[in-house]
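K.L.:
fold the following and give me the result.
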Amino acid sequence: MALIQKHPNIENYFVEMPLADIEARGGVADLFEEGQLILIKDYVLDFDFGALEALERSTDAIQDREMRKRIKKLTSPYFFEGEPPAERKGTLVFADPVRQAIFDVMCRGDREVFDRAARALKYAHDEALRIFGICFPSYRPFRFVPSVRLTQTLFENLHWDNHSIDDDFHQARIFANLDTRPRIWNVGDRLPDWMRKFYHQHHLGQFAGKDPNLLIDYVSANVLGGTRSTWMDQQPRHRVAFEPGEVWLGESRLISHQIVYGESAMVYMWFVETQSMANDDNRFNNLVESLHREMAAADPVAA
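P.N.:
The predicted structure is shown next:
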């Protein structure tokens with residue numbers, strides 16, 4: 001299981017639960033929607049870590065800047081879905097330019113490396129779908145983003161995710177460490193808790209009735225320092241080291257987080273119909289707006 005160093009000034013929102021218990025209670029949608037960070041206890045992916053160890057992690061050989069961005073935040077089906085490649089002059093030629101870049105650069109033109117990575121990621125993909133069904137049996141997804149991170153991430157700033165979508169939607173997220181080393185996260189206050197602490201100090205009432213992403217952008221850049229003052233904020237944090245193959249769930253717009261170190265990970269996201277939530281009052285947009293109303297009622301002059 002993950003090694004967790006808990007900070008006394010942040011609520012303990014960790015839940016460790018085996019899949020069998022999750023299934024017996026009908027899933028964990030209620031806990032997830034409340035901002036709990038759920039670690040699947042007594043379970044690790046039976047993953048072929050060597051398949052990803054064989055990949056080239058640097059994208060410097062890719063000249064096209066947009067293609068480099070797409071490789072950094074790949075979706076795993078690029079490895080195992082799509083039109084089969086043609087074999088020409090001893091190499092593989094893919095119709096999809098992303099798949100071609102994966103083969104040429106990340107797999108160094110080696111078919112065995114490509115096929116092994118494809119098998120490993122297909123297994124992890126199928127397991128993620130199975131775990132989603134157990135954890136969120138009532139959820140009705142309308143969009144699926146099966147991202148996989150195969151490049152190194154270091155020293156992020158503390159932040160809440162902003163998907164640049166102002167629609168009132170719900171998300172489910174499943175993470176897995178696909179690296180042979182622990183994936184190191186810091187996690188801090190959940191957004192409503194943080195807003196209660198700093199609402200008036202940072203004049204957050206100016207964002208009432210507006211897209212919550214504007215508030216997140218403001219806090220990330222103007223309060224937590226953004227890219228100008230990386231790691232200079234003084235916010236308390238829990239520290240977590242997720243073991244190889246470990247799987248966890250969390251609403252990344254509610255839980256502040258920063259990746260300290262990570263090489264390979266599965267970061268799967270489902271956009272979910274709000275009517276299928278355990279409690280649709282826990283929609284992210286509604287939680288933020290309810291907090292604005294709460295703070296205004298408590299101190300209407302300051303708000």
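
K.L.:
quick one, what contacts H257?
P.N.:
By C-beta atoms under 8 Å, 6 or more residues apart in numbering, the residues touching H257 are 158-160, 185-188, 250. No exception for glycine: its C-beta is placed from N, CA and C like everyone else's.

K.L.:
for those residues, give me a markdown table that also has neighbour count and distance to M266.
P.N.:
As requested, these are exported to a markdown table (neighbours: other C-beta atoms under 10 Å; distance: C-beta to C-beta, whole Å):
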| residue | neighbour count | distance to M266 |
| --- | --- | --- |
| L158 | 20 | 22 |
| H159 | 18 | 20 |
| W160 | 25 | 21 |
| W185 | 26 | 14 |
| N186 | 20 | 20 |
| V187 | 23 | 18 |
| G188 | 23 | 23 |
| G250 | 24 | 14 |
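
K.L.:
in strands, which of these appear?
P.N.:
Cross-referencing these against strands under DSSP state E gives 185-188.

K.L.:
right, and the pair among those with maximum separation?
P.N.:
Greatest spatial distance in the ones in strands among the contacts of H257: W185 and G188, 10.3 Å, computed using C-beta to C-beta.

K.L.:
any regions of the protein where pLDDT drops low?
P.N.:
By pLDDT under 70, the weakly predicted segments of the chain are 227, 300-303.

K.L.:
tell me the residue furthest from the middle of it?
P.N.:
The outermost residue of the chain relative to its centre, with distances by C-alpha atoms, centre = their mean, is K89 at 40.3 Å.

K.L.:
who's in contact with the residue nearest the centre of the chain?
P.N.:
Nearest to the geometric centre of the chain sits V267, at 4.9 Å (C-alpha atoms, centre = their mean). Contact partners of V267, counting by C-beta under 8 Å, 6+ apart, are 147-149, 173, 175.

K.L.:
ok, those vs G209, which is closest?
P.N.:
Nearest to G209 out of the contacts of V267 is R173 (C-beta to C-beta; 26.9 Å).

K.L.:
ok, for that closest one, nearest residue in space, not its chain neighbours?
P.N.:
In space, and not counting its chain neighbours, R173 is closest to M269: 5.2 Å by C-beta to C-beta, 6 or more residues apart in numbering.

K.L.:
doesn't that neighbour lie inside a helix?
P.N.:
No: applying DSSP: H, G, I helix; E, B strand; the rest coil, one finds M269 to be strand, outside a helix.

K.L.:
so the residue farthest from the centre of the chain versus A278, what's the distance?
P.N.:
Per C-beta to C-beta, to the nearest Å, K89 is found 56 Å from A278.

K.L.:
mind listing the helices for the stretch 51-200 of the chain?
P.N.:
Under the criterion DSSP state H, counting those that start in this stretch, the stretch 51-200 of the chain contains helices at 65-72, 77-80, 97-101, 111-135, 191-198.

K.L.:
between those, which one is nearest to E53?
P.N.:
Distance to E53, taken as C-beta to C-beta, is lowest for helix 111-135 among those, at 9.9 Å.

K.L.:
OK, contacts around N286?
P.N.:
Residues counted as contacts of N286 (C-beta under 8 Å, 6+ apart) are 168, 280.

K.L.:
and it, how close does it get to H292?
P.N.:
Distance from N286 to H292, counting by C-beta to C-beta: 11 Å.

K.L.:
on that earlier part again, so which of the helices of the stretch 51-200 of the chain is the most packed in?
P.N.:
helix 77-80 (a mean of 20; mean count of other C-beta atoms under 10 Å).

K.L.:
which residues are contacting that helix?
P.N.:
The contact list for helix 77-80 (C-beta under 8 Å, 6+ apart) reads 96, 98-99, 102, 114, 117-119, 121-122, 125, 146.

K.L.:
run the chain-centre distance for it.
P.N.:
Relative to the chain's own centre, helix 77-80 is displaced by 19 Å; criterion: C-alpha atoms, centre = their mean, to the nearest Å.

K.L.:
having no further points to raise, I will conclude here.
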